[in-house]
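> build me a model:
(one chain, ligands or ions: 2)
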Amino acid sequence: MNVPNLKQARIRTNKEVEFKYDVTGIDDKLKIGNKTFFIKTYGCQMNEHDSENIRAMMLEMNFKEAKDMDSADIIILNTCAIRENAHNKVFGMLGRIKHRKEMDSGVITCLCGCMAQEENVVEEIRNKYKWVDIIFGTHNIHELPKMLYDVIKNNEKRIEVLSIEGDVIENMHYARDNKYKAWVNIMYGCDKFCTYCIVPYTRGKQRSRKKEDIINEVNDLIKDGVLEITLLGQNVNAYGKDLYDDYGMEDLLLDVSKTEIKRIRFVTSHPWDFTDKMIDAIASCDNVMPFVHLPVQSGSNDILKKMGRRYTKEEYIELFNKIKSRVKDVSITTDIIVGFPNESDEDFKATLDLVDYCKFDLAYTFIYSKREGTPASLIKDEIPLKVKQERLEVLNEHINKYALENNKKLIGKTVKVLVENISEKDPNQVCGYTEGQKLVNISGGADLIGKIVDVYISDAKTWSLDGIIK
Ligand code: 5AD
Ligand code: SF4
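Ligands and ions are numbered 1, 2, ... in the order given. So this is what the prediction gives:
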């Protein structure tokens with residue numbers, strides 16, 4: 001048994017990252033089969049992508065994917081720790097699974113992802129949810145098949161969470177949700193330690209993958225019919241800094257753009273590491289999409305400082321303007337936290353002013369959530385939750401207004417859309433995303449799926465556009 005340790009998770013040493021190429025793969029003994037599984041994923045794209053890895057391993061063990069959780073023999077909760085409500089949802093789900101377990105003791109429950117890396121969570125599960133069969137963390141996903149074998153064949157329980165800085169595991173398999181779009185990890189972990197954020201503790205230190213491994217993966221995806229890739233990392237602009245003397249995100253973008261891939265995106269950027277060369281790379285490569293997700297978090301310099309974000313409002317705006325002026329038709333989206341401990345009315349007003357200035361294409365907005373073990377969690381907060389909720393509402397009104405305004409600017413224009421699905425709302429429509437990452441619903445049939453088509457934008461809503469095939 002290995003339980004998480006927060007103090008250890010905080011440590012960063014100069015220990016060299018190990019690149020492990022031969023720890024994945026499932027031998028015949030592990031191909032147990034004869035059971036169904038269901039993966040419930042919470043949180044960010046990184047987790048979605050990890051779930052694709054888990055799904056691939058489960059299928060290779062000859063398990064079959066169940067349609068829903070209630071009919072699955074093995075339930076895997078891939079959890080998120082970023083805010084309290086993600087936590088609560090998982091504990092709610094564990095309550096539901098408990099009922100199922102009472103009726104059918106053979107159901108196997110696994111909990112993994114960021115919550116598994118938290119000391120208090122694992123302690124609570126060990127005390128109150130003793131029936132959970134497997135807990136594993138973000139550093140040892142590839143060990144799931146062996147753990148499942150031990151549970152199924154040897155009737156053991158396994159808690160294996162490593163609070164280490166982390167290695168880079170290569171040759172992982174992914175069973176993707178989407179045929180035409182794929183995520184490609186370019187780095188793991190984060191060393192920024194923003195004072196509110198749990199990620200550096202749950203995901204370990206920043207570890208970049210080798211450029212040749214990334215390019216090889218992209219080439220394999222192209223062979224597989226993938227048209228769009230999203231380069232993934234907590235802080236992609238810092239790519240390479242931990243691995244190379246003179247090779248960074250801008251170089252990687254240029255190299256990936258030389259492959260035959262049609263569309264390249266990347267998330268998430270931190271304003272701190274966003275170089276001019278990066279902007280040039282986005283502006284000059286046709287297959288790098290004009291879309292930048294650039295979390296600002298707050299418009300108040302005082303709060304930015306307390307958050308440990310390493311930039312001022314003025315520096316953010318300067319970068320924002322540079323990207324806007326150099327990258328044609330660029331969409332810029334952001335993340336904003338309201339109600340950081342002791343955020344004053346003036347601080348909040350500064351955030352609104354920044355939003356009014358930047359007029360973001362979209363923003364993900366959150367009420368600050370206290371995460372145990374982070375520096376911000378130690379600050380005594382005087383602001384009532386009700387005030388924070390009111391601020392969030394006001395902020396969202398501003399955000400939605402600009403989202404609609406920006407979308408309306410596209411009416412009458414023809415844009416390129418990668419059609420990826422039948423529309424959820426109307427079976428006679430298909431949907432896809434523009435180069436600037438805007439959702440478009442288009443009248444048309446399934447024959448359009450998997451194609452990049454010219455679409456005339458006929459109408460605009462806050463969250464989506466309507467289009468007609470040109
Ligand atoms: N409370 C609220 N929001 C948070 N985020 C990260 N940590 C917290 C927290 N403790 C938000 C940030 C980040 C996004 C992924 O989640 O805005 O950019
Ligand atoms: Fe969290 Fe900051 Fe790292 Fe983003 S950059 S994952 S907000 S610590």
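> what about the helices in the stretch 301-450 of the chain?
For the stretch 301-450 of the chain, helices defined by DSSP state H, counting those that start in this stretch occupy the ranges 301-307, 313-326, 345-358, 385-408.
> looking at these, which is buried most?
helix 301-307 (a mean of 19; mean count of other Cβ atoms under 10 Å). From N, CA and C alone the C-beta is placed, and that goes for glycine too.
> and that helix, what does it pack against?
helix 313-326, helix 345-358 (3 or more Cβ pairs under 8 Å, 6 or more residues apart in numbering; DSSP states H and E).
> near ligand 1, which residues of the stretch 351-470 of the chain?
For the stretch 351-470 of the chain, the residues in contact with ligand 1 (Cβ under 6 Å from any ligand atom) are Phe366, Tyr368, Ser369, Arg371.
> list the contacts for the closest residue to Lys31 other than its chain neighbours?
The spatial neighbour of Lys31 that comes closest, neighbours along the chain excluded (Cβ to Cβ, 6 or more residues apart in numbering), is Asn62 at 4.8 Å. The contact partners of Asn62, taken as Cβ atoms under 8 Å, 6 or more residues apart in numbering, are Lys31, Ile32, Gly33, Asn34.
> Throw the residues of the stretch 351-470 of the chain next to ligand 1 into CSV and include pLDDT, thanks.
What follows is those, written out as CSV (pLDDT from 0 to 100):
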residue, pLDDT
Phe366, 98
Tyr368, 98
Ser369, 97
Arg371, 95
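> can you tell me which of those end up in strands?
With strands defined by DSSP state E, the entries of those inside them are Phe366.
> same list (the residues of the stretch 351-470 of the chain next to ligand 1) but as TSV, adding distance to Lys388 and neighbour count.
Formatted as TSV, these follow (distance: Cβ to Cβ, whole Å; neighbours: other Cβ atoms under 10 Å):
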residue	distance to Lys388	neighbour count
Phe366	10	18
Tyr368	7	22
Ser369	10	18
Arg371	16	21
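> His398: which of the residues of the stretch 351-470 of the chain next to ligand 1 is nearest?
The shortest separation between His398 and any of those is 15.1 Å, and it belongs to Phe366 (by Cβ to Cβ).
> how about the closest one: what's its closest non-neighbour residue?
Leaving out its chain neighbours, the residue that sits closest to Phe366 by Cβ to Cβ, 6+ apart is Ile337, at 5.2 Å.
> what is the neighbour count of the one you found?
Neighbourhood size, Ile337 [other Cβ atoms under 10 Å]: 25.
> OK, contacts around it?
Remark: with contacts taken as Cβ under 8 Å, 6+ apart, Ile337 is in contact with Tyr196, Gln297, Ser298, Met307, Thr365, Phe366, Ile367, Tyr368.
> test my guess that the fourth one contacts Ala376.
Which is Met307. Yes: the pair Met307 and Ala376 qualifies as a contact (Cβ atoms under 8 Å) at a distance of 7.5 Å.
> state the helix or strand in which Thr230 lies.
When secondary structure is defined using DSSP states H and E, the element that contains Thr230 is strand 228-232.
> show the subsequent helix or strand relative to that strand.
Toward the C-terminal end, the helix or strand that comes next after strand 228-232 (DSSP H and E) is helix 249-257.
> what's the angle between that next one and strand 228-232?
Orientation note: helix 249-257 sits at an angle of 150 degrees relative to strand 228-232 (axes from the mean of the first three to the mean of the last three Cα atoms, to 10 degrees).
> residues making contact with helix 249-257?
186, 211, 214-215, 218, 229, 231, 236-240, 264, 266, 273, 275, 277-278, 280-282, 285-288.
> circling back: would JSON lines of the residues of the stretch 351-470 of the chain next to ligand 1 with distance to ligand 2 be doable?
Compiled in JSON lines, those are given as follows (distance: Cβ to the nearest ligand atom, whole Å):
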{"residue": "Phe366", "distance to ligand 2": "11"}
{"residue": "Tyr368", "distance to ligand 2": "12"}
{"residue": "Ser369", "distance to ligand 2": "12"}
{"residue": "Arg371", "distance to ligand 2": "10"}
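> and the gap between the nearest residue to Gly467 once chain neighbours are set aside and ligand 1?
The spatially closest residue to Gly467, leaving aside those adjacent along the chain, is Val455, at 3.8 Å (Cβ to Cβ, 6+ apart). When distance is defined by Cβ to the nearest ligand atom, to the nearest Å, Val455 is 30 Å away from ligand 1.
> doesn't Lys413 make contact with Val455?
No: under the criterion of Cβ under 8 Å, Val455 lies out of contact with Lys413, with a separation of 9.4 Å.
> and stretch 114-134, how far apart are its ends?
End-to-end distance for stretch 114-134, by Cα to Cα, to the nearest Å: 14 Å.
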